[in-house]
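*Asks:* Following is a predicted model, sequence given first.
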Amino acid sequence: MSQRAKSERTDPDGNAAASAEASVEKSAGSAADSAENVSFEELVRRLEEAVRKLEGGELPLDESLAVFEEGVRLARAGTSRLDEVERRVELLLAGEGAPRTRPLHDG
């Protein structure tokens, strides 16, 4: 949505609704940027926090969507980190012969 369109949106009282959207988008953008600069454990903590907020059911729709989007970004960043660690472990094991992987838990 363009900046102009955002500024033209109003709530039922005639107040601009764009400022709330802009702050939600700004915080979501900064969350994506910072997800790459924090530890895996911090990603998990922030993802758990997002889940608690959403499960609480007290957030307005726009804020719920922003928290959900942040959670998706955090989950993807965490998955990417885990994939990278798995590749590194396989490379380390490759020095001892062919990489060997198996499930952690027998199903």
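*Replies:* Alright, I've got the coordinates.
*Asks:* Now do residue 56 against residue 49, distance only.
*Replies:* 11 Å (Cβ to Cβ, to the nearest Å). For every residue, glycine as well, the C-beta is placed using N, CA and C.
*Asks:* what do you get for residue 85?
*Replies:* Per Cβ to Cβ, residue 85 is found 23 Å from residue 49.
*Asks:* which of the two has more neighbours?
*Replies:* In terms of neighbours (other Cβ atoms under 10 Å), residue 49 is the more surrounded of residue 85 and residue 49; the figures are 14 against 11.
*Asks:* Now do the SS call for the more buried one.
*Replies:* Assigned by DSSP: H, G, I helix; E, B strand; the rest coil, the conformation of residue 49 is helix.
*Asks:* With residue 59 instead?
*Replies:* coil.
*Asks:* quick one: residue 39 and residue 85, what's the gap?
*Replies:* The spacing between residue 39 and residue 85, counted by Cβ to Cβ, is 12 Å.
*Asks:* ditto for residue 38
*Replies:* 15 Å.
*Asks:* Counting neighbours, what do you get for residue 83?
*Replies:* 10.
*Asks:* Likewise for residue 104?
*Replies:* 4.
*Asks:* what does residue 72 give?
*Replies:* 13.
*Asks:* Give me the secondary structure label for it.
*Replies:* Quick answer, by three-state DSSP: residue 72 is helix.
*Asks:* got the phi/psi numbers for residue 58?
*Replies:* Here is the backbone geometry of residue 58 (degrees, to the nearest 10): phi -100, psi -10.
*Asks:* mind checking how far the residue nearest to residue 47 when sequence neighbours are not counted is from residue 90?
*Replies:* Distances taken as Cβ to Cβ, 6 or more residues apart in numbering place residue 74 nearest to residue 47, at 4.5 Å, with adjacent residues excluded. The gap separating residue 74 from residue 90 is 25 Å, by Cβ to Cβ.
*Asks:* ok, those two, which is more surrounded?
*Replies:* A count of neighbours by other Cβ under 10 Å puts residue 74 above the other of residue 74 and residue 90, at 24 against 13.
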